[in-house]
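Q: Coordinates for the following, if possible.
(chains A and B)
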Amino acid sequence: MKEVIEKINRILSDEDVRKQINRIVQSSSEKIWILLNEYPHIKRYADEIVKIKDYSISHLEDLIKTAMRNIEKNGSKAYFARDAEEARKIISDIIGSDKVVIKAKSMATEEIKLNEYLRRLGKEVWETDLGMFLIQVLEEEPSHPVAPAIHITRKEIAKGLRKIGIKISETSSAEEIAWSVREFLRKKIFSADVGISGANALAADTGSIVLVENESNIRLVTSIPKKHIALVPIDKIVPTLEDAIKVAIVQATYDGLYPPTYINIITGPSSTADIEHVRVYGAQGPRELHIILLDNGRLRASRDPVFSQMLRCVRCGRCLFECPVYETIGPGYGYEGFNGPMGVVWLYILGHRDAAGYLSMLCAQAGNCGMACPVKIDLPKLILEIKKEYVRKIVGEKEFSQ
Amino acid sequence: MTLPLEDVLRLIISNHKRTGNPVGIDMKRCVEWAENISMPRSGEKILYTSCMYQMAPYIKRLVEQLAKTERHGLSGVALKLGGVLSRVIDVTSIMGVSENERKRSSEILMNIVKILLKYDANIAYLYEEEPYSGALLYELGLEEYFINHAKKVVEIFRKHGVKKIITIDPHTHHVLKDVYPKYVDNFNFEVTHYIEILSERTDLLTEIRVSDEYVIHDPCLLARYLNIIDQPRKVLEKIGIKIREPSRSRERTRCCGGPIESISPSLSGSMAKIRLEELSRYSRKILVMCPICFISLSRYADEYNVEIKDLAELLR
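A: Take a look at the predicted model:
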């Protein structure tokens, strides 16, 4: 718990960072309220997602089988990883002797601590989402599932980028920074052997993954290298491609980026049949697509009468923007890249019970997150459940029974 | 800084065991305000203060003490000795709440009672027998303590023949309305918040006239958990208050920081400041409807040059 407490204290005593977090969180929150007024039909999509996800959660094992079958039908390879270690092993086997790995932003790869692992194996790993790239260069942890670098000031950004040879000054504009990083990353992207992404959703009926973005880095990561690996937590599986696209749209709106610049649908490796009408893999895109389904506690959670609803989560991160504690200390209300209300509950599901427990004690039960959640997860209730369990543990069973 | 959680919880548990409330005050202090009124001591319909407004100034002192401890820090070694927090806390200072602070609580309660008695002269008050609801135990996750306590509270209600309960603060209203029924068998009491009554019977307010302007701060519990949003507005309009609505108002209202003041006074304080900064853009006069919101926001009222009033303070 020392790390958690130190981070809270560090942010509490840094007024500049708190002001930045506070400003960004409030403006992001406001933007989403405006979007939802502008595009009211998306609330209807969100209501549909509740039903789709609830069906998926209660048929998870069947959907996994269907999805794996259809992934293989498309000429991709499907894997099932029970935990982080298995997932890392599968990924390193696929990468083999290849050297340069580029990545799209993915909470799932954070969850299994993939970057650390690959570096230990001697691989060169580059995050290509600008926010995640900054997190990587500054050796930070993401503070939001969609906006990971909101707690980093421009001054720190300039300092970090200069360290890796990107010529930026403290007075450089955001545009100048973005352009310089683009130039830097282009070289990495075009020399990469492997691209790793997550997915917003996976359609069981077609075996397609859907990824929503604005930067176009996902398009590059999933098409330039010869191998594409997608790490997909099993709670992202929905029955149909139509469902999967709806998930992407809802996710984009509730994180404040609607309409999204790009929605990628990827079904199998790139292929052509233009030579004598024989299908061959590896046209301009990857020759291989590997989709790894990650359990890591989710199947167990899907059978939990209280916590199964968390698997509806589309990772929009709106609950963070509405949370009064997160608004105040940002990633101080988090651990290992899992932040805010959804972060606390995910930490619990993924087995970080102490971190989740400690953080749950900071929850003010204000109820904003529960109201903001597009898929109606009762976050205040789940956090209170985590709190009760933690309190029982630290105060002691004996004390309780007296 | 953060406080050692285990110590905070133990302090609250021991206070509760000793006195029946989390601050550790003598429950006699909860009835001081009623010295000069005589209401029936039993009855079907009761006013239930849960000692919340009465405890408020003591909670404020306790939080000041906790904040001091938090700033100076407690070493890990000292903590292992156990009970350190309760030893470093200056109880005399907590109990030394000023006459003025107590008067404020009394006035709030008297204002409410006067109107409620016009509404129904038979409303009872349990005086020394009135227990604390246990809301804080529930909010801190001390479930088993809360359940045991809730059962005792309900026994007391039943002993006094209570059927209808009028609450006056959001925390008590929330636990009685939403939580007790889950933990206590056959919880068949009708629970009403006094603001709900006033909003339906605005004729009771005709003699009250306050021409003033306030920015309104909805309590999280009333707005998001209990959907009591329009009712206070109706009451305020009736007594002549011009309401300024902050952009984050009604169901979008923001936390005052209060609920975590005992876990991390500094985080709680930073949250209060964010809300104050926002509210003070609308008016120098802030209207609250919860004793916890009042304590939390008033900690920094001078810093933001604002005046904070509870809705019930205006009902004179």
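Q: Can you report how many residues neighbour B:N305?
A: 9 (other CB atoms under 10 Å in any protein chain shown). (Glycine included, C-beta is placed from N, CA and C.)
Q: scratch that, A:I94
A: For A:I94, the tally of surrounding residues (other CB under 10 Å) stands at 18.
Q: Mind telling me what element it is part of?
A: helix A:84-95 (DSSP states H and E).
Q: What of B:H16?
A: B:H16 is part of helix B:5-19, with elements assigned from DSSP H and E.
Q: For that helix, enumerate the helices and strands it packs against.
A: In this structure, helix B:5-19 makes packing contacts with helix A:379-395, helix B:84-88, helix B:135-139, helix B:143-159, judged by 3 or more CB pairs under 8 Å, 6 or more residues apart in numbering or on different chains; DSSP states H and E.
Q: JSON lines for those helices, including mean pLDDT, distance to A:D129 and mean neighbour count?
A: As requested, the helices and strands packed on helix B:5-19 are exported to JSON lines (pLDDT from 0 to 100; distance: least, CB to CB, whole Å; neighbours: other CB atoms under 10 Å in any protein chain shown):
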{"stretch": "helix A:379-395", "mean pLDDT": "96", "distance to A:D129": "26", "mean neighbour count": "20"}
{"stretch": "helix B:84-88", "mean pLDDT": "71", "distance to A:D129": "44", "mean neighbour count": "16"}
{"stretch": "helix B:135-139", "mean pLDDT": "97", "distance to A:D129": "38", "mean neighbour count": "24"}
{"stretch": "helix B:143-159", "mean pLDDT": "96", "distance to A:D129": "41", "mean neighbour count": "18"}
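Q: Could you point out which of the ones you listed sits nearest A:V194?
A: With CB to CB as the criterion, A:V194 lies closest to helix A:379-395 of these, at 35.8 Å.
Q: nearest residue to B:A223 other than its sequence neighbours?
A: Of all residues not flanking B:A223 in the chain, B:T253 sits nearest, at 4.8 Å (CB to CB, 6 or more residues apart in numbering or on different chains).
Q: what mean pLDDT would you report for the helix holding B:H16?
A: Average pLDDT, helix B:5-19: 92.
Q: residues in the stretch 101-250 of chain B within reach of chain A, list them.
A: B:E139, B:L140, B:G141, B:L142, B:E143, B:E144, B:Y145, B:C220, B:L221, B:R224, B:Y225, B:S247 (CB under 8 Å from any CB of the partner chain).
Q: Flag the helix or strand of chain B with the lowest per-element mean pLDDT.
A: When the helices and strands of chain B are compared on mean pLDDT, DSSP states H and E, helix B:76-80 comes out lowest with a mean of 46.
Q: so what pLDDT did the nearest residue to B:G96 once chain neighbours are set aside get?
A: In space, B:G96 comes closest to B:R61 once its chain neighbours are excluded; the distance is 7.5 Å by CB to CB, 6+ apart. At B:R61, the model reports a pLDDT of 91.
Q: Now do the helix holding B:H16: everything it contacts.
A: Contacts to helix B:5-19, defined as CB atoms under 8 Å, 6 or more residues apart in numbering or on different chains, come from residues A:358, A:361, A:391, A:394-395, A:399, B:21-27, B:66, B:74, B:79, B:82-86, B:89, B:136-137, B:140, B:142, B:145, B:149, B:262-263.
Q: A:Q136 and A:D129 touch, don't they?
A: No. With contact defined as CB atoms under 8 Å, A:Q136 does not count as touching A:D129 (9.6 Å).
Q: neighbour count winner among those two?
A: Between A:Q136 and A:D129, A:D129 has the larger neighbour count (other CB under 10 Å), namely 24 against 20.
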